[in-house]
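Chemist: I would like the atomic coordinates for the input below:
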Amino acid sequence: MTPPQAHVVLVRPEIPWNTGNAGRTCLAAGAQLHLVGPLGFSLRDRDVRRAGLDYWPRVRPRLWKSWEEFEARLPELGEPFLFTTTGRGDLWSAGLPPRSILIFGPEGVGLPRAVLARHPERLVRIPMVDEDLRSINLSTAVGIALYEWLRRRRSTDGQATSS
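Modeler: Numbers count the residues shown, from 1 in each chain. I've put the predicted structure just below:
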């Protein structure tokens, strides 16, 4: 099995079922899930397992103690894209190369300003028609971004994927 070229990173996730759903989506798309701590719940939590269904043991998320520990390894994983409602560029215009790292912050507050400030050219937002809507649910945002990445791989690689 080839190593995943897409990485989904949840920084300090707060809601277990969002993490379980994101993990299941990563498994379906062939991406690696990374969880950057501290987590707002235990991975033994029943809600994580319930959202991930019987697939959760196959997700095998990579765990990181802190953002600093994870950030030091970014270059070996690929090109980072930090998802935020304040991003200047939108997902449809983002480059999303074959080796992409899709990074999402905690449900309640998003990625820390200091992290966003270190990667200003990598800030991406998911377009929303309703301008009064603050954000999209985390696991939904992961699904949108990851499947846009996968769609582009299919169109550029000519690979067929099963549905």
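Chemist: so what pLDDT did residue 48 get?
Modeler: pLDDT for residue 48: 70.
Chemist: now swap in residue 158 and tell me
Modeler: 53.
Chemist: do the one 4 residues further on as well
Modeler: Residue 162 carries a pLDDT value of 44.
Chemist: In this structure residue 148 contacts residue 91, no?
Modeler: Yes: taking Cβ atoms under 8 Å as the definition, residue 148 is a contact partner of residue 91 at 5.8 Å. Placement of C-beta: from N, CA and C, glycine included.
Chemist: Quick check on the two: which one has the bigger neighbour count.
Modeler: More neighbours surround residue 91 than the other of residue 148 and residue 91, with 19 against 16 (other Cβ atoms under 10 Å).
Chemist: for the more buried one, what are its contacts?
Modeler: Neighbouring residues of residue 91 by Cβ atoms under 8 Å, 6 or more residues apart in numbering: 124, 125, 126, 127, 144, 145, 148.
Chemist: Quick check: closest non-adjacent residue to residue 143.
Modeler: Leaving aside its sequence neighbours, residue 143 sits nearest to residue 25 (Cβ to Cβ, 6 or more residues apart in numbering; 5.0 Å).
Chemist: and that neighbour, how many residues sit next to it?
Modeler: The number of residues packed around residue 25, counting by other Cβ under 10 Å, is 22.
Chemist: Would you tell me what helix or strand it is located in?
Modeler: Using DSSP states H and E, residue 25 sits within helix 16-29.
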